[in-house]
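# Provide a 3D model corresponding to the input given below.
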Amino acid sequence: METYAKALLFAIPFFILLLVVEILYGHFVKNQQHKVLDTVSSISSGLTNIVKDSLGLGVIIVSYPFLLENLALTSVKATWLVWLIAFFAIDFAGYWNHRLSHKINFFWNQHIIHHSSEEFNLACALRQSISNLLGYFPLFLFPAALFGVPTEVIAIIAPIHLFAQFWYHTQHIGKMGWLEYVIITPSQHRVHHAINPEYIDKNLGQILSIWDRWFGTFQEELKEVPPQYGVLKPVHTWNPILINFQHLWRLILDAWRTNSLLDKFRIWFMPTGWRPADVKDRYPLEVIEDVYSFERYQTAASSLLKGYSIFQMVFTLGLILFMFYNYSAIGFGGLLLFGAFVFLGIFGYTTLMDRKTYAFYLELFRALVGIIFIGLTGDWFGIDAYWGYGSVLIGLYFVITAVGGYYFTFIERPDVHQEIAF
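Modelled structure (predicted):
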């Protein structure tokens, strides 16, 4: 986990740099594809994901080393051929894991966050799950385990494979000629994120496009069918933590409400979107029927609120980078507490972006807890060892959080209708 955290110290600035380039390009050269609150929500989702992963939160059903030990037919050295086989094995596994997430109700919950943005840009690539608490991906790597691919090779290629999926989340790159037959391109992935009937559940590959062509899930982007983005059951919130568990909560409610014992069981394993007939009639959900005219989610936001949201996001990013930098010194117990502060912070300011009245009480609570923690420990997880006034700055941040929560909840809050997230 510490190695992963250190790697993120280099990866995060690189992702942010590309994001800034895309935003500036959209502003000065071509049509802008970013909206402030949506982009803040997307980046904040990415922050929850990297904190969750860096803390190792979740239960691994089976690990790759276990599969390797029990299934390997031979033992091989890490030659170039083994590295190539490992790459194909991971990409093959990624395709089927992705397909499972799109096709089965229960597994859709861990993927809905990635599709929840009604925009398509590099920021939405950062919408990654925190609800994938059951680690089953190694099950799809059994071909690699049979061949005896070393654990070290998988451990190196897997994060590179994940990071390589970032660049094609953009509308600023058109079709790429012969590469369309080899790799996943922005054009192909625009199709994947689209909710047009022609495009739903297509282009499930991650790096190579061969799997989609072989297994019948490929769809070319059509000029006459411009992609429309989001999910068919809109999430109606900027809060990434709510989005992560929204579909699961709906499944729980449907399983509880249905009168059919069979439906209480099978709802989890039915195709994505399936609901028991009796529940579907009594508790209808909003479903987009006309993808070209649906009302996209937005909340009233002044330039000041947009700037404040960016400030909260950037400060949270700074806190996380410090956590990764000081990872071993903070210790596991401290890291869990640090992570809880991060999650509470993201929950608080994205709820403020949703213009919910209770956002102030969340922000006041985390501000008071943060100030009390600094008062009791005399520090903020060791930051004073690097900067003498570090804990003072963090304390000031919590004061700003409380004041900002009050201002945007009670002073600048417009009287607008609010959608319900669940």
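
# correct me, but Q228 touches P197?
No - Q228 is beyond contact range of P197, at 10.4 Å (criterion: Cβ atoms under 8 Å). The way it works is simple: take the backbone N, C-alpha and C, and place the C-beta from them, glycine included.

# so for the two, which residues contact both of them?
Common contacts of Q228 and P197 (Cβ atoms under 8 Å, 6 or more residues apart in numbering): V291.

# so which of these two has more stuff around it?
Q228 (19 against 9; other Cβ atoms under 10 Å).

# relative to L335, how far out is the more buried one?
Distance, Q228 to L335, by Cβ to Cβ, to the nearest Å: 41 Å.

# need the distance between the two termini of stretch 192-206.
When the termini of stretch 192-206 are compared using Cα to Cα, to the nearest Å, they are 11 Å apart.

# show me what counts as buried in that stretch.
Under the neighbour-count criterion of 16 or more other Cβ atoms under 10 Å, stretch 192-206 has 192-196, 199, 202-206 buried.

# stretch 399-409 too?
In stretch 399-409, counting by 16+ other Cβ under 10 Å, buried: 400-402, 404-405, 407-409.

# now, which of these lie within helices?
The helices, defined by DSSP state H, take in 400-402, 404-405 from the buried residues of stretch 399-409.

# is it possible to get JSON lines of the buried residues of stretch 399-409 that adds distance to Q110 and pLDDT?
Output for these, formatted as JSON lines (distance: Cβ to Cβ, whole Å; pLDDT from 0 to 100):
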{"residue": "I400", "distance to Q110": "34", "pLDDT": "98"}
{"residue": "T401", "distance to Q110": "30", "pLDDT": "98"}
{"residue": "A402", "distance to Q110": "34", "pLDDT": "98"}
{"residue": "G404", "distance to Q110": "32", "pLDDT": "97"}
{"residue": "G405", "distance to Q110": "31", "pLDDT": "97"}
{"residue": "Y407", "distance to Q110": "36", "pLDDT": "96"}
{"residue": "F408", "distance to Q110": "32", "pLDDT": "96"}
{"residue": "T409", "distance to Q110": "32", "pLDDT": "94"}
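
# which pair of these spans the longest distance?
Spatial extent of the buried residues of stretch 399-409 (Cβ to Cβ) is set by the pair I400 and T409 at 14.4 Å.

# sketch out the low-pLDDT regions of this structure for me.
Scanning the chain for pLDDT under 70 picks out the ranges 1-6, 414-422.

# most centrally placed residue in it?
Central residue of the chain (Cα atoms, centre = their mean): Q128, 1.7 Å from the mean position.

# which one is that residue nearest to, not counting chain neighbours?
Leaving aside its sequence neighbours, Q128 sits nearest to N49 (Cβ to Cβ, 6 or more residues apart in numbering; 3.8 Å).

# after the helix or strand hosting F265, next one along is what?
Under the criterion of DSSP states H and E, F265 resides in helix 261-266. Using DSSP H and E, the helix or strand that directly follows helix 261-266 along the chain is helix 277-282.

# give the buried residues for that following helix.
For helix 277-282, burial by neighbour count (16+ other Cβ under 10 Å) applies to V279.

# how far out from the middle of the chain is the next helix-or-strand element following that helix?
Where DSSP H and E defines the elements, the next helix or strand beyond helix 277-282 is helix 303-325. Taking Cα atoms, centre = their mean, to the nearest Å, the mean C-alpha location of helix 303-325 is offset from the chain mean by 17 Å.

# check which residues of helix 303-325 are buried.
For helix 303-325, by 16+ other Cβ under 10 Å, it's 305-306, 308-309, 311-313, 315-317, 319-320, 322-324.

# which SSE is the residue lying closest to F147 once chain neighbours are set aside in?
Once flanking residues are discounted, F147 sits nearest to I85: 6.2 Å by Cβ to Cβ, 6+ apart. Under the criterion of DSSP H and E, I85 resides in helix 80-103.

# which positions in that helix come out as buried?
Using 16+ other Cβ under 10 Å as the test for burial, helix 80-103 gives 82, 85-87, 89-95, 97-102.

# hmm, back to that, using PDB, write out every CA atom in the helix holding F265.
Provided in PDB are the C-alpha atoms of helix 261-266 (Å, rounded to 0.1, in the frame of the first residue of the first chain):
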ATOM      1  CA  LEU A 261     -39.600 -14.400  -2.500                       C
ATOM      2  CA  LEU A 262     -38.000 -15.400  -5.800                       C
ATOM      3  CA  ASP A 263     -37.600 -11.700  -6.800                       C
ATOM      4  CA  LYS A 264     -36.000 -10.900  -3.400                       C
ATOM      5  CA  PHE A 265     -33.200 -13.300  -4.300                       C
ATOM      6  CA  ARG A 266     -32.900 -12.900  -8.100                       C
END
